[in-house]
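Trainee: predicted coordinates and the sequence they were generated for:
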Amino acid sequence: MIDFDALWRHLDAARLGHWRATTEQLIRSRLSDSAHGDFAAWRKAIEDLQSCDAGKIDEIRRGLLRLAPWRKGPFELAGIRINSEWRSDLKWARLANAIAPLTDRLVLDVGCGNGYYALQMRAAGARTVIGVDPTLLYVMQFLAIGIFLPATNVFVLPLRSEELPQDERRFDTCFSMGVLYHQRSPLQHLRQLRGMLRPAGQLVLETIILPGDGAAVFSPPGRYARMRNVWLLPTVTELTLWLQQSGYSGIQLIDVSVTTVEEQRTTEWMPFESLCEALDPADPGKTVEGWPAPHRAILLANAS
């Protein structure tokens, strides 16, 4: 389903051809019926979309809904608007003009989801974008998107970042958006990404933070905003220290935003509970557990 010939050509050009030996079998094993109980249904949805007449809007729409829930977007495919849970275009707008230009850059997008941001990176001029995400449904969504929006030079692979060969120092830009707070060891994640960046390459880091001044970190007991796997929330000051300790310099804070129910919400394309249900109905400045509502920061840093 992935165009492996094109993938290896791009990795060869980036002097990463040796990835094939360690990743090809793993990728192929995950893109198989035995990898997930729903994989056969997802594969059939993509096959049906490939054979569907372009004018059959209702049929295409039903096919795309077979790949729900759609978390990132929105997308316009064959005249159909996929109104995803996240208005990812709002986050992209907050960072697009602040990052180093992506023209002709080799980019790694960690935790890339269905490739929404990777496609924006390519549109901004990136030479090649490699996205990795362990959630197989998101990889299948990217393959479905590619039927209607062919994306040359963009690849979404069903891998975790730690499964990639380490200390390559090849990428010009690495994106880690909505990933750090899911890491039990955030410094290890930051150091791993530094090892993927060429010297002076740029990290674009977006994560939930703890509001407030000074160096502090909060470890939510149990759930945070109904999420199970949120481990550490640092203040911006603490996060800056983490970046310095992990080998980054030139650290810049470019945005802090409170996530709103206009940006993250339930839709037909993601019909389950979303941010609204995660906030205290009497005080939306707090989560249902009583902690500060999600504040998200975007920081830029250069690999030493």
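Mentor: Structure received.
Trainee: pretty sure T128 contacts N153?
Mentor: Yes: using CB atoms under 8 Å, T128 is in contact with N153, at 5.0 Å. Just so you know, the C-beta spots here come from the backbone N, C-alpha and C atoms, and that holds for glycine as well.
Trainee: between those two, which contacts overlap?
Mentor: H10 (CB atoms under 8 Å, 6 or more residues apart in numbering).
Trainee: if you count surrounding residues, which of those two has more?
Mentor: T128 (25 against 15; other CB atoms under 10 Å).
Trainee: can you give me the pLDDT of the more buried one?
Mentor: The score at T128 is 98. That number is its pLDDT.
Trainee: ok, now which ones touch it?
Mentor: H10, A13, A14, L106, V107, N153, V154, F155.
Trainee: roughly how far does the fourth one sit from R169?
Mentor: Translated: L106. Distance, L106 to R169, by CB to CB, to the nearest Å: 11 Å.
Trainee: quick one, which of these two is more surrounded?
Mentor: More crowded of L106 and R169, by other CB under 10 Å: L106, with 23 against 13.
Trainee: would you map the helices across the chain?
Mentor: 4-13, 19-30, 39-51, 57-65, 88-95, 116-123, 136-148, 186-196, 236-245, 275-278 (DSSP state H).
Trainee: in TSV: the ones you listed, plus mean neighbour count.
Mentor: Listed next are these as TSV, based on neighbours: other CB atoms under 10 Å:
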stretch	mean neighbour count
helix 4-13	15
helix 19-30	15
helix 39-51	15
helix 57-65	17
helix 88-95	17
helix 116-123	22
helix 136-148	22
helix 186-196	20
helix 236-245	18
helix 275-278	17
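Trainee: could I get those helices as CSV with distance to T287 and mean pLDDT?
Mentor: Listed next are those as CSV, based on distance: least, CB to CB, whole Å; pLDDT from 0 to 100:
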stretch, distance to T287, mean pLDDT
helix 4-13, 40, 96
helix 19-30, 33, 96
helix 39-51, 32, 97
helix 57-65, 30, 97
helix 88-95, 20, 98
helix 116-123, 25, 98
helix 136-148, 25, 98
helix 186-196, 20, 98
helix 236-245, 19, 98
helix 275-278, 6, 98
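Trainee: now those in CSV, with distance to V230?
Mentor: Listed next are the helices of the chain as CSV, based on distance: least, CB to CB, whole Å:
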stretch, distance to V230
helix 4-13, 33
helix 19-30, 25
helix 39-51, 28
helix 57-65, 29
helix 88-95, 18
helix 116-123, 21
helix 136-148, 19
helix 186-196, 11
helix 236-245, 15
helix 275-278, 11
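Trainee: need the per-residue pLDDT for I2.
Mentor: 94.
Trainee: please name the residues that touch it.
Mentor: Taking CB under 8 Å, 6+ apart as the test, what I2 contacts is I27, L31, L143, F155, L157.
Trainee: what distance do you get for it to M140?
Mentor: 11 Å.
Trainee: equivalent analysis for G146, please.
Mentor: Counting by CB to CB - G146 and M140 are separated by 11 Å.
Trainee: next: C174.
Mentor: 24 Å.
Trainee: what number of residues lie near G247?
Mentor: 16.
Trainee: that one and N302 touch, don't they?
Mentor: No: taking contacts as CB under 8 Å, G247 lies outside contact range of N302: 9.8 Å.
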